[in-house]
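> Fold the following and give me the result.
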Amino acid sequence: MPTELILIRHGQSHANVNPVVGGMRGDLGLTDLGRRQAELLRDRLRAEQATADVLYASTLPRAQETARYVAEAMDLPIKDDDELQELRVGEADGLSHDDWSARWPRMEQSLTARPYQEFATGGESWATFLARVGSALTSLVDRHPDQRVVAVTHGGVIDVSFAVAFGLGATATRVRINPENTSLTRWQHDPEPDHPRWTLNGFNDARHLD
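Predicted coordinates for the structure are as follows:
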């Protein structure tokens, strides 16, 4: 049976607006605007009487903080999932972008030009990020047949969802998706035995911010 997977990007975070690499150490959570965005999302979900069977969230602070607003609206507990984290940045975590660039020159272009090169020492490459998140998303829909699954996560994870749906590997030309903060991306997964199918039912739905 098909599974509906709704991916929600977190609200605006300090890592979005400050030149700091936002891994677990560098992530200072949501800005005041990010919290207001999350409040508007919560109010919208309540007004729409939105329901789901299960709510997951990345364990990074900006996603956890956003997920609490979603949990209030849907009256669901939050299931933490490390595999829904944004690309892992290794030793660059918490550094300024200038310090990161100085220690690992030219790595900012590596995600597209060098998909197998780590973001920083101990961090992920685009290829390893794609494999981790692709496996996580596939696992979510496999565990919840015929259910509606909500996951509060990150822009990069939503990027990967498109790569998974289109069958794109690490060396394929990467197209930036760039979803809005607190936007909803809606997928339907049909687990056909010979050819599982992804259907995109909505992308970048952030009308609550209007």
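> from here on, contacts and neighbour counts on C-alpha atoms
Noted.
> tell me the contacts of the most centrally placed residue in the chain?
Taking Cα atoms, centre = their mean, the centroid of the chain lies closest to H154, which sits 2.5 Å from it. Residues near H154 by Cα atoms under 8 Å, 6 or more residues apart in numbering: I8, R9, H10, S58, A63, L84, Q85, E86.
> What is the helix or strand where F162 lies packed up against?
Secondary structure from DSSP states H and E places F162 in helix 155-165. If contacts are counted by 3 or more Cα pairs under 8 Å, 6 or more residues apart in numbering; DSSP states H and E, helix 155-165 sits against strand 3-9, helix 126-143, strand 197-205.
> Let's have those in a markdown table, adding mean neighbour count and mean pLDDT.
Converted to a markdown table, these look like this (neighbours: other Cα atoms under 10 Å; pLDDT from 0 to 100):
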| stretch | mean neighbour count | mean pLDDT |
| --- | --- | --- |
| strand 3-9 | 25 | 98 |
| helix 126-143 | 18 | 96 |
| strand 197-205 | 15 | 96 |
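> who are the neighbours in contact with the closest residue to L84 other than its chain neighbours?
With Cα to Cα, 6 or more residues apart in numbering as the criterion, L84 has its nearest non-adjacent residue at 4.7 Å, and that residue is S58. By Cα under 8 Å, 6+ apart, the residues touching S58 are Q64, D80, D81, D82, E83, L84, Q85, A151, V152, T153, H154.
> my guess is A172 is in a strand, correct?
No. Under DSSP: H, G, I helix; E, B strand; the rest coil, A172 sits outside any strand and is assigned coil.
> How many neighbouring residues does it have?
11 (other Cα atoms under 10 Å).
> per-residue confidence for it?
Here, the pLDDT recorded for A172 equals 88.
> how much space between it and G122?
Per Cα to Cα, to the nearest Å, A172 is found 24 Å from G122.
> before we move on, what about G11?
27 Å.
> Looking at these two, which is more packed in?
Comparing G11 with G122 by other Cα under 10 Å, the one with more neighbours is G11, at 31 against 12.
> Which helix or which strand is home to the closest residue to the more buried one other than its chain neighbours?
Of all residues not flanking G11 in the chain, G34 sits nearest, at 4.3 Å (Cα to Cα, 6+ apart). Taking DSSP H and E as the definition, one finds G34 inside helix 32-47.
> Now the helix or strand just after that helix - C-alpha only, PDB.
Counting by DSSP H and E, the next helix or strand C-terminal to helix 32-47 is strand 54-57. Presented in PDB, the C-alpha positions along strand 54-57 are these (Å, rounded to 0.1, in the frame of the first residue of the first chain):
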ATOM      1  CA  VAL A  54       3.900   9.300  13.000                       C
ATOM      2  CA  LEU A  55       6.300  12.300  13.400                       C
ATOM      3  CA  TYR A  56      10.000  12.000  13.000                       C
ATOM      4  CA  ALA A  57      12.700  14.700  13.400                       C
END
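> tell me what the helix or strand that strand 54-57 is followed by is packed against?
As assigned by DSSP H and E, the chain's next helix or strand after strand 54-57 is helix 61-74. In terms of contacts (3+ Cα pairs under 8 Å, 6+ apart), helix 61-74 is packed against helix 32-47, strand 54-57, strand 78-80, strand 148-153.
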